[in-house]
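Participant: Let's see this in three dimensions:
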Amino acid sequence: MDGILTKKQEAVLRIIKQYYLEKGFAPSLNELKDQLGISTKRGVVVHLDALERKGYIFRTSQPRGIHMAENDEEIVYDYLIGVPILGYANAGIPMVSAEEENLGVLKIDKNILGNKENLFALIIKGDSMDLAKIDNQDLSNGKYIIIQKDADFEDGDIVVAIIDDSATVKRFKKSKDVILLYPDSSNPANMPIYMDRNTEGLINGKVIKVLENPSI
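Facilitator: Next comes the predicted model:
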């Protein structure tokens, strides 16, 4: 790479990287135009030309055909999705704050996630779901869980719920008057949680994947 980037070129590059991390693909010219506040697509192309000339990107004739070149320490591949780690999910009594902590980004092959979008990751804390499995991976302490915010869920599915500003991971069951969040645990001390059926915003998403955490 050669040449210093202008502030506008830095902004274009930042948006492209963010799209890859969040969606697994590049933004379109119209999306770049809108986010940058540029009036024409030709104005965007001028900046893309400069980034390509300086070695930060390369382009193909395919739709969304902007690809990241090697950039110092990081390469963003078009077959990877970046899933942000937003904190911890209690597999026990809800105690850890559900406030987003931004603990990093997991880079996951799109084939593993089935091209799903609107995803985030949490780290399991506790043992209330250690007997539960998704694709033969148990939900034991320290593992990563991948949550899809807008996924449909039904009785027996594993969900993340927000209770008193804390995130908890449990199995879901809905009856006439009650939402039951219940453990799947080897520890008899873990007990179910009973919530009003009409509690708004209770379920934050469905757990769709469990991944090993090599640091534990």
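Participant: which non-adjacent residue is nearest Tyr194?
Facilitator: Once flanking residues are discounted, Tyr194 sits nearest to Val178: 5.4 Å by C-beta to C-beta, 6 or more residues apart in numbering. C-beta: built from backbone N, CA, C; applies to glycine.
Participant: show me the contacts for the one you found.
Facilitator: Contact analysis of Val178 by C-beta atoms under 8 Å, 6 or more residues apart in numbering lists 194-197.
Participant: Counting by contacts, list what the longest strand seen in the chain packs against.
Facilitator: If you go by DSSP state E, the chain has its longest strand at strand 80-90. Counting contacts by 3 or more C-beta pairs under 8 Å, 6 or more residues apart in numbering; DSSP states H and E, strand 80-90 is packed against helix 7-23, strand 105-109, helix 110-113, strand 119-125, strand 144-148, strand 166-174.
Participant: Tabulate the ones you listed in JSON lines, adding columns for mean pLDDT and distance to Ser215.
Facilitator: Output for the helices and strands packed on strand 80-90, formatted as JSON lines (pLDDT from 0 to 100; distance: least, C-beta to C-beta, whole Å):
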{"stretch": "helix 7-23", "mean pLDDT": "86", "distance to Ser215": "21"}
{"stretch": "strand 105-109", "mean pLDDT": "84", "distance to Ser215": "12"}
{"stretch": "helix 110-113", "mean pLDDT": "86", "distance to Ser215": "19"}
{"stretch": "strand 119-125", "mean pLDDT": "91", "distance to Ser215": "10"}
{"stretch": "strand 144-148", "mean pLDDT": "95", "distance to Ser215": "10"}
{"stretch": "strand 166-174", "mean pLDDT": "91", "distance to Ser215": "19"}
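Participant: quick revisit: which pair in the contacts of Val178 spans the largest distance?
Facilitator: The two members of the contacts of Val178 with the most space between them (C-beta to C-beta) are Tyr194 and Arg197, at 10.1 Å.
Participant: hang on, the earlier thing: how close does the residue nearest to Tyr194 get to Leu106?
Facilitator: Distance from Val178 to Leu106, counting by C-beta to C-beta, to the nearest Å: 34 Å.
Participant: and what of Ile162?
Facilitator: Taking C-beta to C-beta, one finds Ile162 at 21 Å from Leu106.
Participant: Pairing-wise in the sheet, spell out the partners of Ala89.
Facilitator: Beta-bridge pairing for Ala89 (DSSP bridges): Ile124.
Participant: residue contacts, Ile146?
Facilitator: Going by C-beta under 8 Å, 6+ apart, Ile146 touches 83, 106, 108, 113, 119-121, 207-211.
Participant: nearest spatial neighbour of it, skipping sequence neighbours?
Facilitator: Lys209 (4.0 Å).
Participant: Phi first, then psi, for the one you found.
Facilitator: Phi and psi for Lys209, reported as degrees, to the nearest 10, are phi -160, psi 150.
Participant: Check the burial of it by counting its neighbours.
Facilitator: 20 (other C-beta atoms under 10 Å).
Participant: Repeat that for the one 4 residues further on.
Facilitator: The criterion is other C-beta under 10 Å. On that basis, Asn213 has 14 neighbouring residues.
Participant: What residues does it make contact with?
Facilitator: With contact taken as C-beta under 8 Å, 6+ apart, Asn213 is in contact with 123, 142-144.
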